[in-house]
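Participant: coordinates for the following, if possible.
(one chain, ligands or ions: 1)
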Amino acid sequence: MTTAAARFAKRVTIKESSLRTRMLEMATGLKDVIAMGRGDPDLDTPPHIVEAAQKAIASGATHYTHPQGLPQLRKAIADFVRSSGGADYTPDEIVVTAGAQESIFVAMLSFLDPGDEVIVPSPGYNAYHQAIELAEGKTVTVPTYEADGFALSAEAVEKAITPRTRMLCLINPSNPTGMVIPPSEIAKLAAVAVKHDLLVISDEIYGRLVYDNARVQPVAALPGMKERTITVDGFSKAYAMTGWRVGYFAGPRQLIVPMAEVHYGFAICAPAPSQHAALAAITGPQDCVEAARREYDVRRKAMMAELDRMGLRYAKSNGAFYVYAEVASLGIPASEFCLRLLKDGRVMIFPGSNFGDHTDDYVRISLLQPLPRIEEAARRMADVVAAIRAERKTK
Ligand code: PLP
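Facilitator: Okay, here's the model as predicted:
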């Protein structure tokens, strides 16, 4: 019998999971490891958000909410999305979930029949592969390349379409590359989705963390796109709220109704105190998001300068809080480099293959440590890089 769990486990390839386990085991035996692996902001949730949740709990927000989420939160989300250039959603076209992660799984389980194909960029956030697998769909990866700034190309997507293609996933800005898909390419991707009658999942969770004047074009706001797009977003990244588990999906009513049913089956509702925190986040002062964005920008520039000094190439990321660097030119696969960096340098980063990269050439460096720690991590990394180069020379 093939259970969903078995399919899920099979998808997380042995190589991938054993590497992660090895790295975690190795890290527990080491002192002073600088963790730059996970995508969990080191910044604290802003105090006004924490206080709002505390007040809500004290005044009884300890019960189930409306399954789709607090009406006032859904209205605030709709207002926010509209005012930031997204589609025009009504509150009943929004469902608050236990993180954007739940939204991804709900989307796949709501729309995929066994064997349906879903186009996912490679590299791309690994939850997509897992959710498609659980829904018995088939992941079709479309590679993105450093030479094109890791942007997903509409042309490549169109080539990957077959009669079984049901859905196209956009992760914009990208995890793990940190690249924003140029608005002109989003327009082309939208045209491809319309031409081939595809559903689009647009994950814009890093949409507010962009740099160098990059702009995220919400695909649902383009003509003819709202009716075929599910926009996924959340509070984890912009407001440093990973542990609160609150995100949302938005789409036209006819798609939202079946999805709301699946969400109800999964979670009944998102945690009530977290929804009150999210309400304070989205309706309160937004300078905390700008301060975080500026901080990540400083770290991003510092890391890129360090990689320049090391003579390593990287994607000139303009979004999220990751730098995607090429290490295979050192003569070792990225997964081996990560093990070596952890063992000898006590810095934890992940290989791109953890994110479905079709190569084992890149590493994802999370910028989620204070600047002095990032600088220290870069010093350690430079030593490991120098040692690897010296070993190659003597071979
Ligand atoms: N989407 C992307 C692209 C992510 O990188 C992540 C988390 O890393 C998520 C969704 C899940 O976020 P959440 O904490 O809201 O579940």
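Participant: quick check: residues of this protein near the ligand?
Facilitator: Taking C-beta under 6 Å from any ligand atom as the measure of proximity, the chain contacts the ligand at 39, 99-101, 125, 171, 175, 203, 205, 234, 236, 242, 247. No exception for glycine: its C-beta is placed from N, CA and C like everyone else's.
Participant: need the strands for this structure, in chain order.
Facilitator: In the chain, the strands defined using DSSP state E lie at 34-35, 94-97, 117-122, 138-143, 165-171, 199-203, 229-234, 247-250, 322-326, 347-348, 350-351, 362-366.
Participant: and Q254, what does it touch?
Facilitator: E227 (C-beta atoms under 8 Å, 6 or more residues apart in numbering).
Participant: hmm, 10 Å instead?
Facilitator: Q254 sits next to 93, 227 when contact means C-beta atoms under 10 Å, 6 or more residues apart in numbering.
Participant: out of the residues of the chain next to the ligand, which end up buried?
Facilitator: 39, 99-101, 125, 171, 175, 203, 205, 234, 236, 242, 247 (16 or more other C-beta atoms under 10 Å).
Participant: need the residues you listed in a markdown table (columns: distance to P223 and pLDDT).
Facilitator: Formatted as a markdown table, those follow (distance: C-beta to C-beta, whole Å; pLDDT from 0 to 100):
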| residue | distance to P223 | pLDDT |
| --- | --- | --- |
| G39 | 33 | 93 |
| G99 | 31 | 98 |
| A100 | 26 | 98 |
| Q101 | 30 | 98 |
| Y125 | 28 | 95 |
| I171 | 23 | 97 |
| N175 | 28 | 97 |
| D203 | 21 | 98 |
| I205 | 24 | 98 |
| G234 | 26 | 98 |
| S236 | 31 | 98 |
| T242 | 35 | 98 |
| G247 | 27 | 98 |
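Participant: I'd say V216 and M179 touch.
Facilitator: No. Using C-beta atoms under 10 Å, V216 is not in contact with M179, being 11.0 Å away.
Participant: ok, those two, which is more surrounded?
Facilitator: M179 (28 against 23; other C-beta atoms under 10 Å).
Participant: quick one: neighbours of the nearest residue to A328 once chain neighbours are set aside, just the number.
Facilitator: Of all residues not flanking A328 in the chain, D361 sits nearest, at 3.7 Å (C-beta to C-beta, 6 or more residues apart in numbering). D361 is flanked by 19 other residues according to other C-beta under 10 Å.
Participant: equivalent analysis for A267, please.
Facilitator: Residues near A267, counting by other C-beta under 10 Å: 17.
Participant: I'd say it and Q68 touch.
Facilitator: No. Contact criterion C-beta under 10 Å: A267 and Q68 do not qualify, at 11.3 Å.
Participant: where exactly do the helices run in the stretch 101-250 of the chain?
Facilitator: 127-134, 154-160, 183-195 (DSSP state H, counting those that start in this stretch).
Participant: which elements pack onto the second one?
Facilitator: For helix 154-160, the contact count by 3 or more C-beta pairs under 10 Å, 6 or more residues apart in numbering; DSSP states H and E identifies strand 117-122, strand 138-143, strand 165-171, helix 183-195 as packing neighbours.
Participant: can I get the CA coordinates of that helix in CSV?
Facilitator: Extracted in CSV, the C-alpha atoms of helix 154-160 (Å, rounded to 0.1, in the frame of the first residue of the first chain):
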residue,chain,number,x,y,z
ALA,A,154,7.6,32.2,-20.1
GLU,A,155,9.1,30.6,-23.1
ALA,A,156,10.5,27.7,-21.0
VAL,A,157,7.2,27.3,-19.2
GLU,A,158,5.3,27.1,-22.4
LYS,A,159,7.6,24.4,-23.7
ALA,A,160,6.9,22.3,-20.5
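Participant: before we move on, back to that, rebuild the residues of the chain next to the ligand as TSV, extending it with distance to P258.
Facilitator: Listed next are those as TSV, based on distance: C-beta to C-beta, whole Å:
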residue	distance to P258
G39	29
G99	20
A100	19
Q101	19
Y125	23
I171	23
N175	27
D203	19
I205	23
G234	21
S236	25
T242	28
G247	19
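Participant: out of these, what pair is the most spread apart?
Facilitator: Spatial extent of the residues of the chain next to the ligand (C-beta to C-beta) is set by the pair I171 and T242 at 17.1 Å.
Participant: okay, now the unreliable bits of the protein?
Facilitator: 1-17 (pLDDT under 70).
Participant: one step back: what do A267 and Q68 both touch?
Facilitator: With C-beta under 10 Å, 6+ apart as the test, A267 and Q68 both reach 96-97.
Participant: can you get me a residue count around the closest residue to the ligand within the stretch 251-395 of the chain?
Facilitator: In the stretch 251-395 of the chain, the residue that lies nearest the ligand is A320 (7.6 Å; C-beta to the nearest ligand atom). Other residues within reach of A320, judged by other C-beta under 10 Å, total 30.
Participant: could you shift the numbering so residue one becomes 38, and keep it that way?
Facilitator: That works, and once the first residue is 38, the last one we named lands at A357.
Participant: that one and A414, how far apart?
Facilitator: Applying C-beta to C-beta, to the nearest Å, the value for A357 to A414 is 18 Å.
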